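> Structure for this input, please:
(one chain, ligands or ions: 1)
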Amino acid sequence: MNHSAVLQHWKAGMKKTIRKAVLPVAGLGTRFLPATKAVPKEMLTIVDRPIIQYVVDEARAAGIEHIVFVTGRNKQVIEDHFDMAYELEDTLKARNKTAALELLEEHRPQPGSTSFTRQQAPLGLGHAIWCARDIIGDEPFAILLPDMIIKSKVSCLKQMVDLYDQTGGNIIAVEEVPDDQTHNYGVVELAEKINDNASRISNMVEKPAPGTAPSNLMITGRYILQPQIFDLLSHQASGAGGEIQLTDSMLSLMQDQHFASVKFEGTSYDCGSKTGFLTANIAFGMDDPALAEDLVPFMREMMQRPIAAE
Ligand code: G1P
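Here you go, the predicted model:
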């Protein structure tokens, strides 16, 4: 469907707001062992919040009302993190620790606004999303991959929702990566522009072999998708890495539906990698003036050191 046909369809009353988001959190986090032996990788800390909290905050800032966590074994602590910590809060109250209490309240989702379901076997991202099908139902929804945290003035998902409000259809956040990195990601090919930051997507491929990527625009891990994706996922054959890939089902959905890319304003940190995790800690730490005061002299000193270990 081309862009003007989509808009007509849209104006004809097909629009539904994006109320729910899926956060797949079943991954094993092997790149961070032994830290992730007993602690889920999503609970590793950037400054003073677990990674997952940044992603939930981004979703809520985009107007998401209900978050579906697709979890796995040994991830119970994520559910605890978004619950009330009764004993702790009672003690804080008794000690008049108002600021700490308010902080906990501010980050706690409303009762009934989270769901948890398990991906019973590690069959891939597409399979994890499919596990949320009954909870999402027949409405468009967002997906946020918690390995990626995005530092931006306006929530990345909110930037996507703003485009969605004009175009409907399916929206994917993209960003440029060096050519020698494309094989690590899903990569899209763009067609005509919709505005300065958005274009129609004409093709996508998951983990293209080096030298075969259709562009250097990677899929950043933020999606708005129509619910028809679930039917496609339920029949999806394994793809890259022998896993059921979301990208493969999105490519099939693109035969019938409009897909647009958003080059979001902000910086992403791939916290699935040690470099991304460490740089995220520095970038978010620098937002706190008291921390920045200590960090800057330390980093200056570090800059004097040779890169290779002595
Ligand atoms: C997933 C997606 C991929 C995307 C990436 C972003 O891959 O399948 O399309 O580019 O997240 O981090 P994974 O990192 O799970 O291999």
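
> Tell me who's in contact with the residue in the stretch 151-300 of the chain that the ligand sits nearest to.
Nearest to the ligand, among the residues of the stretch 151-300 of the chain, is residue 186, at 2.3 Å (Cβ to the nearest ligand atom). C-beta coordinates here come from the backbone N, C-alpha and C atoms, glycine included. Applying Cβ atoms under 8 Å, 6 or more residues apart in numbering to residue 186 gives the contacts 204, 205, 206, 207, 218, 219, 245, 246, 247.

> Out of the residues you listed, who's the most crowded?
In terms of neighbour count, residue 246 stands highest of the contacts of residue 186 at 28 neighbours, by other Cβ atoms under 10 Å.

> Kindly export the longest helix seen in the chain (C-alpha atoms) in PDB.
Ordering each helix of the chain by length in residues (DSSP state H) puts helix 289-303 first. Presented in PDB, the C-alpha positions along helix 289-303 are these (Å, rounded to 0.1, in the frame of the first residue of the first chain):
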ATOM      1  CA  PRO A 289      25.900  17.600  38.100                       C
ATOM      2  CA  ALA A 290      27.300  16.100  41.400                       C
ATOM      3  CA  LEU A 291      28.400  12.900  39.600                       C
ATOM      4  CA  ALA A 292      29.700  14.900  36.600                       C
ATOM      5  CA  GLU A 293      32.000  16.900  39.000                       C
ATOM      6  CA  ASP A 294      33.700  13.600  40.100                       C
ATOM      7  CA  LEU A 295      33.500  11.900  36.700                       C
ATOM      8  CA  VAL A 296      35.100  14.500  34.600                       C
ATOM      9  CA  PRO A 297      38.500  14.700  36.400                       C
ATOM     10  CA  PHE A 298      38.500  10.900  36.600                       C
ATOM     11  CA  MET A 299      37.900  10.600  32.800                       C
ATOM     12  CA  ARG A 300      40.600  13.200  32.100                       C
ATOM     13  CA  GLU A 301      43.000  11.100  34.100                       C
ATOM     14  CA  MET A 302      41.900   7.900  32.300                       C
ATOM     15  CA  MET A 303      42.500   9.600  28.900                       C
END
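
> What segments of the chain are helices?
Per DSSP H, the chain carries helices over the ranges 3-9, 51-61, 76-81, 86-94, 98-107, 125-130, 133-136, 156-167, 229-234, 246-253, 274-285, 289-303.

> hey, least reliable of the ones you listed by pLDDT?
Note on the helices of the chain: helix 3-9 shows the lowest mean pLDDT, a mean of 59.

> From the contacts of residue 186, which land in strands?
With strands taken from DSSP state E, the overlap with these comprises 204, 205, 206, 218, 219.

> show me the contacts for the second one.
What that stands for is residue 205. The contact partners of residue 205, by Cβ under 8 Å, 6+ apart, come to 186, 187, 212, 213, 214, 247, 251.

> The first one now?
Residue 204 is in contact with 172, 186, 187, 188, 189, 214, 219, 247, 250, 251, 254, 259, counting by Cβ under 8 Å, 6+ apart.
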